[in-house]
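Chemist: Task: produce atomic coordinates for the following.
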Amino acid sequence: MREKHFGLGLFSLMVFVFLLGPLLIIFATSFEPGIVLQFPPHGFSLRWYEQIFKVEGFIRTFKTSIAISLLGNAFALLLGIPAAYALSRSSFRGKELLNGIFLSPILIPGIVLGFTLMKYLIVVYHLPMYTGLLIGHVVIMLPFIVRVVASSLSNFDFAVEEAALSLGAGRMKAFFKVVLPNIRSGIIAAMLIAFLESFNNIDISVYMTGPGVSTLPIEMLTYVENHFDPTIAAISVLLMVMTGVMMFLIERLMGLSHFTSR
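Modeler: Numbering: from 1, shown residues only. Okay, here's the model as predicted:
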């Protein structure tokens, strides 16, 4: 039995090393003082973190990524919250089909979805690149909004809403005064998950960007094609830290959502 536990522990350790090893290497190489990315680093320097803010392309595309993620989040919330409410609250013909449609952007490979969006939005309908990029990101954020909000609604007692309706509140007032406050933390968690999915997206953005319009991940890909310095490692560390903080907040908010709904 002890040997079995030892073998399981060793296997788990190997899995953690396999998953975290590349991240630790990136973290270490981001402090390399030389002009070439190498491991192990030959010293310690923050020069490449400073270099991030000197590259105009990074600053410009960072602003674009933030704007696309926030705007897309707003549109996805406007579509996703009513959809999640309808799917959780009502039973109607075609409900499973509608649910499948909302999940389809997750099930379809990103490359296929990105190429399809480019073909129709940009080539066929001649939409501006920025508009097409925004629509593409709304499409990939919508399933996360719907699923997370629906998860929060699954723990919500709709008898509370019925009580508000029986006391004279209108349907809209009951929704905004009773339902939304009880799933607020779930909505915030959905926003954070969708934001991360949009901000870090590559497979959709690579088809929906062009001259004058690009996102930070695409700019990073372009930069690494022409440079081999540790700047990409430094910016990757910052993005990992941002992602880790947001995932921690999502976990806390989802736990709070389940607690308050009960």
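Chemist: what is the rounded mean pLDDT of stretch 202-214?
Modeler: Averaging pLDDT along stretch 202-214 gives 86.
Chemist: how far does that stretch stretch from start to finish?
Modeler: 11 Å (C-alpha to C-alpha, to the nearest Å).
Chemist: Likewise for stretch 116-126?
Modeler: Stretch 116-126 end-to-end distance (C-alpha to C-alpha) = 14 Å.
Chemist: What residues sit buried inside it?
Modeler: 117-118, 121-122 (16 or more other C-beta atoms under 10 Å). (Each C-beta comes from the backbone N, C-alpha and C, glycine too.)
Chemist: Please flag which of those residues sit within helices.
Modeler: Here DSSP state H is the test, and the buried residues of stretch 116-126 give Leu117 as lying in helices.
Chemist: And the contacts of the helix or strand harbouring Val224?
Modeler: If you go by DSSP states H and E, Val224 is part of helix 216-226. For helix 216-226, the surrounding residues in contact (C-beta atoms under 8 Å, 6 or more residues apart in numbering) are 55, 57-58, 60-62, 64-65, 199-202, 205-206, 209, 214, 231-232, 235-236.
Chemist: Using CSV, list the CA coordinates for it.
Modeler: Below are the C-alpha coordinates for helix 216-226, written out as CSV (Å, rounded to 0.1, in the frame of the first residue of the first chain):
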residue,chain,number,x,y,z
LEU,A,216,-1.9,42.0,-28.1
PRO,A,217,-1.5,38.2,-28.6
ILE,A,218,-1.2,38.7,-32.4
GLU,A,219,1.3,41.5,-31.8
MET,A,220,3.3,39.1,-29.6
LEU,A,221,3.3,36.5,-32.4
THR,A,222,4.5,39.1,-34.9
TYR,A,223,7.2,40.3,-32.5
VAL,A,224,8.6,36.9,-31.8
GLU,A,225,9.0,36.2,-35.5
ASN,A,226,11.5,39.1,-35.8
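Chemist: and the angle for the helix or strand that that helix is followed by with helix 216-226?
Modeler: Scanning forward in sequence from helix 216-226 by DSSP H and E, the next helix or strand is helix 231-261. On the basis of axes from the mean of the first three to the mean of the last three C-alpha atoms, to 10 degrees, helix 231-261 is oriented at 160 degrees to helix 216-226.
Chemist: which secondary structure elements does helix 231-261 contact?
Modeler: Applying 3 or more C-beta pairs under 8 Å, 6 or more residues apart in numbering; DSSP states H and E, we find helix 231-261 packed against helix 2-29, helix 47-52, helix 129-154, helix 184-199, helix 216-226.
Chemist: Done for today, thanks.
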